[in-house]
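J.: Please work out how this folds:
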Amino acid sequence: MPRFFNTAGPCDPARHYTLPPERRLPRIRELIDQQLYFVIHAPRQVGKTTCFRTLAQRLTASGQYVAVHTSCETGQAARSDVEAGIGAVLNSLRLNAIEQLSDTPATHRPPEADATIHAGGRLQDLLARWSERCPLPVVVFFDEIDALFDDVLISVLRQLRDGYMSRPANFPQSVALIGLRDVRDYKASLRPDGQTLGTSSPFNIKVRSLTIRNFNEAEVAELYGQHTAETGQTFTPEALALAFALTGGQPWLVNALANVLVLDLVPDLTTTITGEHMQQAREVLIARRDTHLDSLIERLREDRVRRVIEPMLAGKLVLGDRIDDDIAFVEDLGLVKRTGGHLVIANAIYQEVIPRALASITQYTIPHQTAWYLDGDGRLMMRKLLEGFVGFWQEHGDALLAHQPYHEIAPHLVLMAFLQRVVNGGGMIDREYAVGSGRLDICVKWPWAGGLDTHALELKVRTDKKNPLGEGLDQLAGYLRRLGLDHGTLIIFDRRTNAPPVDGRGTFDEEVHAGLNILILWL
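T.: Numbers count the residues shown, from 1 in each chain. Sure, this is the predicted structure:
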């Protein structure tokens, strides 16, 4: 059976297109050789499990170590029940060891847990007895460590810390804790009673916190090249570059895009995959909202996530008393990243998924149809579309604003929902968030028989302190020049405390600014 692009569970090199995991695990072998404990944190679906299962297999195969990758996820259901939680962790370790060490002598495998020992010391006891009887140093990778709660998490960390000084003869030589969050954030899962681990650090024996990077552009091309080598189906250079640009190298997205392409859009292996195909796959993936994307979307309603994402969508600076911790948390989720000292949405696909998800409920309630805003040639009439939005806004704006999950950008979400409802009938929407500029740029692309029409819109907000007209005109002019357009629309939402009622707003002005034709819509 030919290999394929995997989007569900760990990768198996025999069945899936994969890349060597060591590339994305800098200095891991060195840390293990030095008998060190460390933390690996990375977002979901970047390949943590694949990397560490593979690494455990290779360590054991080297004949220098006995290594096991195990998961703590089954301990989540125990909540604060230490007996049940530690039991689940130990059972998972036993089952994984049976599977992964089946070809090794019995002395290499962990003994049975001693049920007579209190749960608060049972994990430590098993790891100690295993290390004592095993002729090779033991290495354990605890995945999904942050699935554990409260007393169970405290107990696991304490038992690892207590046994640490006995390594490697009487305790594992090296231990890695693997999860979504860095160790600094474990404290959020612990009781705030000051008596958890007797220290300000929840795992103060770790030498380093590391992350697993995304694929780089060359690695995306290499992964897709495996499909070409095995099937003969090629990708154009434009398609390969676009795959990286859309995904930022996020492994699940890279594989998911390829799956949409080779299974759904271009199943004929004699057909070359182009940049146009890649854009179509992006739209399919965003609209389909597979499990990974849905799990990210669920996070958007969490306060810690909203405090970071909401101002970014509004083009504002991300500020607040706890914002450093919040940004770190949202970074660990993989939703944002720092680039050149700036905070940005992690990749172009998430940049589309986030606002679409926030506006989706409103979008489904909008009765307007794409056909209403097309001329006889099939071209999108943007002025008529905006006039349609004004009528919709005047009738339903107050009610919709009251029910938006992100209050600060509620008008933006209503407009985006309207655009999505109409444009998704055949066109594409691209968004740019310029953090700190107080604006959101939207580019609507509409293909028709005569070519591709591009419409640029810029969203600003008028407040009690500021009328953004002048700034908005300058910013829109810069955006239009980048797009190579001579016309665009500036939309200004009135959020002043004494603003007129919504049903009385919606006037148009026209202005030539910097040699460009600007339509101004006051809402």
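J.: Let me know how buried residue 86 is, in neighbour terms.
T.: 27 (other C-beta atoms under 10 Å). Glycine gets a C-beta too; all of them are placed from N, C-alpha and C.
J.: how about the strands in the stretch 301-450 of the chain?
T.: With DSSP state E, counting those that start in this stretch, the ranges of strands along the stretch 301-450 of the chain come out as 336-339, 342-345, 428-434, 439-448.
J.: Can you list the buried residues in the longest one?
T.: Within strand 439-448, the residues that qualify as buried are 439-444, 446, counting by 16 or more other C-beta atoms under 10 Å.
J.: circling back to that earlier point, could you point out which of the strands of the stretch 301-450 of the chain sits nearest residue 364?
T.: strand 428-434 (16.6 Å; C-beta to C-beta).
J.: circling back to that earlier point, could you dump the buried residues of strand 439-448 into CSV and include distance to residue 459 and pLDDT?
T.: Converted to CSV, the buried residues of strand 439-448 look like this (distance: C-beta to C-beta, whole Å; pLDDT from 0 to 100):
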residue, distance to residue 459, pLDDT
439, 7, 80
440, 4, 85
441, 8, 91
442, 7, 92
443, 12, 94
444, 13, 94
446, 19, 95
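J.: Quickly name whichever of those residues is closest to residue 5.
T.: Checking the buried residues of strand 439-448 against residue 5 with C-beta to C-beta, the nearest one is residue 443 at 29.2 Å.
J.: ok, now which ones touch the closest residue to that closest one other than its chain neighbours?
T.: Excluding its sequence neighbours, the residue lying closest to residue 443 (C-beta to C-beta, 6 or more residues apart in numbering) is residue 430, at 4.4 Å. Contacts for residue 430 (C-beta atoms under 8 Å, 6 or more residues apart in numbering) come out as 352, 442-443, 445.
J.: and the gap between residue 430 and residue 444?
T.: 8 Å (C-beta to C-beta, to the nearest Å).
J.: And residue 409, by the same measure?
T.: Residue 409 is 19 Å from residue 444, by C-beta to C-beta.
J.: again, but for residue 11
T.: On the measure of C-beta to C-beta, residue 11 and residue 444 end up 38 Å apart.
J.: Also residue 407?
T.: 25 Å.
J.: so which of the strands of the stretch 301-450 of the chain gets nearest residue 456?
T.: strand 439-448 (5.6 Å).
J.: Helices along the stretch 101-250 of the chain, start to end?
T.: With helices called from DSSP state H, counting those that start in this stretch, the stretch 101-250 of the chain shows them at 119-133, 150-163, 217-231, 237-247.
J.: Between the strands of the stretch 301-450 of the chain, which has the poorest mean confidence score?
T.: Mean pLDDT across those is lowest at strand 428-434; the value there is a mean of 82.
J.: Identify each buried residue in it, please.
T.: 428-429, 431-434.
J.: Please export the C-alpha coordinates of that strand as PDB.
T.: Taking C-alpha atoms only, strand 428-434 is exported to PDB below (Å, rounded to 0.1, in the frame of the first residue of the first chain):
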ATOM      1  CA  MET A 428     -12.000  34.700  -1.600                       C
ATOM      2  CA  ILE A 429     -11.400  37.000   1.300                       C
ATOM      3  CA  ASP A 430      -7.900  37.800   2.700                       C
ATOM      4  CA  ARG A 431      -7.400  39.700   5.900                       C
ATOM      5  CA  GLU A 432      -4.400  41.600   7.300                       C
ATOM      6  CA  TYR A 433      -4.100  42.600  10.900                       C
ATOM      7  CA  ALA A 434      -1.800  45.500  11.500                       C
END
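J.: What strands flank that strand, and is each parallel or antiparallel?
T.: In the sheet, strand 428-434 lines up against strand 439-448 (antiparallel) (DSSP bridges).
J.: Any idea how many residues pack against residue 18?
T.: Neighbours of residue 18 under the rule other C-beta under 10 Å: 21.
J.: Could you do residue 291 as well?
T.: 12.
J.: now the one 3 residues further on
T.: Residues near residue 294, counting by other C-beta under 10 Å, number 12.
J.: Next, it: phi, psi?
T.: Backbone torsions for residue 294, taken as degrees, to the nearest 10, come to phi -60, psi -40.
J.: how far away is it from residue 329?
T.: The value you get for residue 294 to residue 329, if C-beta to C-beta is used, is 19 Å.
J.: Cool, thanks, talk later.
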